[in-house]
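S.K.: Sequence first, predicted model second:
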Amino acid sequence: MTVQQSSIDHLTTRLMGLVERSTHGQMVATQEHLGADSIRRLGLDSLGMLTFLVAVEDEFGIEWGDDVPKEILASFEGMAAYIAQELGDAA
Amino acid sequence: MSGFSSNESLWGAFRNAARTYSSRAAVSTHAETWSYDRLFQEADGNRKWIESEIDDGPVLFAPRNTASSLAFLLGAIGSGKVPLFADPAWQAPELEGIIARCGVRAAAWEGPVPAGLLSLTPAAERGGIQLFKFAAGEGSVVPRKDTSFGRFTSGTTGFSRCLQFRDEATLKATATWREAAGICSSDRVLCLATLNNGLAFNTSIFTVLLSGGMLAFHTGMLIRGALFRTLTRVEPTVLVAFPFVYELLESGKEPIAASALRLAVSSAAPLPEKTRAKWLQDTGLPICNYYGLAEVGPCTFNDGSDPDCVGVPLPGVSIAVTAEDGRAVGPGKTGQIRVKTESMASAYLDACQPEFQVNLDTEQYYITNDLGLLTPDNRLRLRGRIGRLVNIAGRKIDPGEVEKVIRQIQGVEHVTVRGEEQSGRPYLAAYVESKVVKREQIVEFCESNLAQYKIPQRIVVLQDMPRSSAGKISLGRVSVMEGVSR
């Protein structure tokens, strides 16, 4: 199934908002942050990253598998594409 | 229960336990379960391999929570080459510092070696563990003859200090924890701390393996769905985890899948009251905790009946609460905690100052940086810390170490790192004085030089730090300045 780019863009924006909320406003991602490694470059610590991943599960009703590639978790765009695929598969 | 005494070696005690519990499950991961026979065979193979490959220790090893790493950990102790158990999250510069300071002669890794670590090429490989060798440096540090292994403490001098432990100290710690927690051969202990961590050492590794129980590990990310899968697979009787894991498990709507659980242990950081209450409501079990330090091992045990304390001293442990001059204060009065245990480290393993003995008073009590009080019935209540160490989710971080790294960035004129708190959660904040450096550069440099958990979550770059009329950084004024990590 091909996921529409507009859907991925929308999910990307939601993820950027989510990282701000899950870090209580300490990490603010803007459009200029997008690109490869956009999440990694924010500099979340280990606990911050786990908190964000749990927030993503709660927000989108998905569950991270044990074998999610690191690249998926490293950028907003990669994560958005993964979520879109998961939501599409669930529909 | 397998018997072991303080006059046998740790390796000997494990060998005896392996004979006694031969076919029982010793270690379980999502991929495999090894019996005591299998674990001993693998560990003994590693012991012989290390003996044949390495002339002298110490051997740096960053264990992962796998059966292979556990077998290497045990075999390395059995070899007598003094393994030093490092944090697998550490980056190459942190590890290089340890290799130089501790006179490390070999290093072992399971999985990828941290990028850039001395451009290493492995000298040998066995069962997924790669072994690297180093030439002896001038004036190399030599471990004490009675040292079994080394573990690291966060230190307060800008770098981790390595602590040397004797077999006897570990066997004492094992015996006291086993008695306090009632660990026996029917237990399945799910340990969610990494194998190098004090929580795993104090409560799980040897306590379980010398008792005939099964040690279980979680694989993958510490997030709710994955944790629930592990709980279902293992059906633990004992759960050992940091407070944030309990918070995580209790943050969802799903019921906790832990019908066989008889003991839940949390430590290293305060547990939120609402998590404690919800866990009790959901499982019918209180969350137990304890007080322990890397330098001295486990000191107390709290069965969960009094949430505001860390329990009563374990057998063989003496605790004193003192004023600054070292004189004991009475029950109910807050002072500095001093502890004397039979599981204490014997020395630091490096050529740095101060010596370990500086931390001991004339009666050989270890002088901690913790504040607390003893109740009339001898329960210990913690009341804060002296000094700058920041405790984030059970990991203690020296802000001085982070400052030292950020100061290396060209264009940074001054940096102050400290712990701050938001919504009851501590985090690291860095205030950087620079006219040219951007936040992104600081994050990137920290990522390459520090473990992920040491990266400041609030980074404020200021062209000029506020200063007092005497020219000193005014921390009070820094704290109220606005700044967001953009």
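M.R.: Ah, there it is. None of these values were measured; they are calculated from a predicted model.
S.K.: if I pick the residue in chain B that chain A sits nearest to, what's in contact with it?
M.R.: Chain B approaches chain A most closely through B:V443 (3.4 Å), counting by Cβ to the nearest Cβ. No exception for glycine: its C-beta is placed from N, CA and C like everyone else's. Counting by Cβ atoms under 8 Å, 6 or more residues apart in numbering or on different chains, B:V443 touches A:41-43, B:455, B:459.
S.K.: can you tell me which of these are in strands?
M.R.: B:I459 (DSSP state E).
S.K.: so which of the contacts of B:V443 would you say is closest to B:P58?
M.R.: B:I455 (28.4 Å; Cβ to Cβ).
S.K.: Hmm, B:A430 and the closest one touching each other?
M.R.: No. Applying Cβ atoms under 8 Å, one finds B:I455 not in contact with B:A430, separated by 9.1 Å.
S.K.: Kindly state the pLDDT recorded for the spatially closest residue to B:L462 that is not a sequence neighbour?
M.R.: Distance criterion Cβ to Cβ, 6 or more residues apart in numbering or on different chains; nearest residue to B:L462, sequence neighbours excluded, is B:E433 at 5.6 Å. Listed pLDDT for B:E433 reads 93.
S.K.: Would you confirm that B:E433 contacts B:R467?
M.R.: No. Under the criterion of Cβ under 8 Å, B:E433 makes no contact with B:R467, lying 9.8 Å away.
S.K.: When these two are compared, which one has more neighbours?
M.R.: More crowded of B:E433 and B:R467, by other Cβ atoms under 10 Å in any protein chain shown: B:E433, with 21 against 14.
S.K.: Excluding residues flanking it in the chain, which one is nearest residue 38?
M.R.: The chain I'm using is chain A. Closest to A:S38 by Cβ to Cβ, 6+ apart is A:S75, at 4.5 Å.
S.K.: um, chain B though
M.R.: Distances taken as Cβ to Cβ, 6+ apart put B:A26 closest to B:R38, at 7.4 Å, once the chain neighbours are dropped.
S.K.: residue contacts, B:I256?
M.R.: B:231, B:249-250, B:279, B:282-283.
S.K.: which SSE is it in?
M.R.: B:I256 is part of no helix or strand when elements are defined by DSSP states H and E.
S.K.: Please apply the same query to B:V436.
M.R.: Going by DSSP H and E, B:V436 is not in any helix or strand.
S.K.: Quick check: phi and psi at it.
M.R.: phi -130, psi -30 (degrees, to the nearest 10).
S.K.: what's the closest non-adjacent residue to it?
M.R.: Nearest to B:V436 is B:G411, by Cβ to Cβ, 6+ apart, at 4.1 Å.
S.K.: Next one: that neighbour relative to B:K454, how far apart?
M.R.: 21 Å (Cβ to Cβ, to the nearest Å).
S.K.: cool, B:I99 as well?
M.R.: From B:I99 to B:K454 the distance is 19 Å (Cβ to Cβ).
S.K.: The two: who's more crowded?
M.R.: Set side by side, B:I99 and B:K454 show more neighbours around B:K454, with 26 against 22, by other Cβ under 10 Å.
S.K.: unless I'm mixing things up, that one is touching B:K404, no?
M.R.: No. B:K454 lies out of contact with B:K404 (Cβ under 8 Å); the separation is 11.1 Å.
S.K.: What count of nearby residues applies to the residue of chain A found nearest chain B?
M.R.: Nearest residue of chain A to chain B (Cβ to the nearest Cβ) works out as A:G43 at 3.4 Å. Look at A:G43: counted by other Cβ under 10 Å, it has 21 neighbours.
S.K.: C-alpha coordinates for the longest helix seen in chain A, CSV please?
M.R.: Secondary structure of chain A read by DSSP state H shows that its longest helix is helix A:5-22. Only the C-alpha atoms of helix A:5-22 are listed here, as CSV (Å, rounded to 0.1, in the frame of the first residue of the first chain):
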residue,chain,number,x,y,z
GLN,A,5,3.0,12.1,1.2
SER,A,6,0.4,14.5,2.7
SER,A,7,-0.4,11.9,5.4
ILE,A,8,3.3,11.5,6.2
ASP,A,9,3.7,15.3,6.4
HIS,A,10,0.8,15.5,8.8
LEU,A,11,2.2,12.8,11.0
THR,A,12,5.6,14.4,10.9
THR,A,13,4.1,17.6,12.3
ARG,A,14,2.2,15.7,15.0
LEU,A,15,5.4,13.9,16.0
MET,A,16,7.2,17.3,16.3
GLY,A,17,4.5,18.5,18.6
LEU,A,18,4.7,15.3,20.6
VAL,A,19,8.4,15.6,21.2
GLU,A,20,7.8,19.0,22.7
ARG,A,21,5.0,17.8,24.9
SER,A,22,6.8,14.7,26.1
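S.K.: what about the chain, any weak spots by pLDDT?
M.R.: No chain was given, so I picked chain A. For chain A, applying pLDDT under 70 flags the ranges A:1-3, A:89-91.
S.K.: that's the wrong chain, I wanted chain B
M.R.: Counting by pLDDT under 70, the ranges of chain B that qualify are B:1-7, B:137-140, B:155, B:469-471, B:475-486.
S.K.: Which parts of it are helices?
M.R.: Counting by DSSP H, the helices of chain B are B:10-20, B:36-53, B:67-79, B:92-101, B:167-181, B:198-203, B:205-209, B:224-234, B:243-250, B:273-283, B:399-406, B:439-449, B:475-480.
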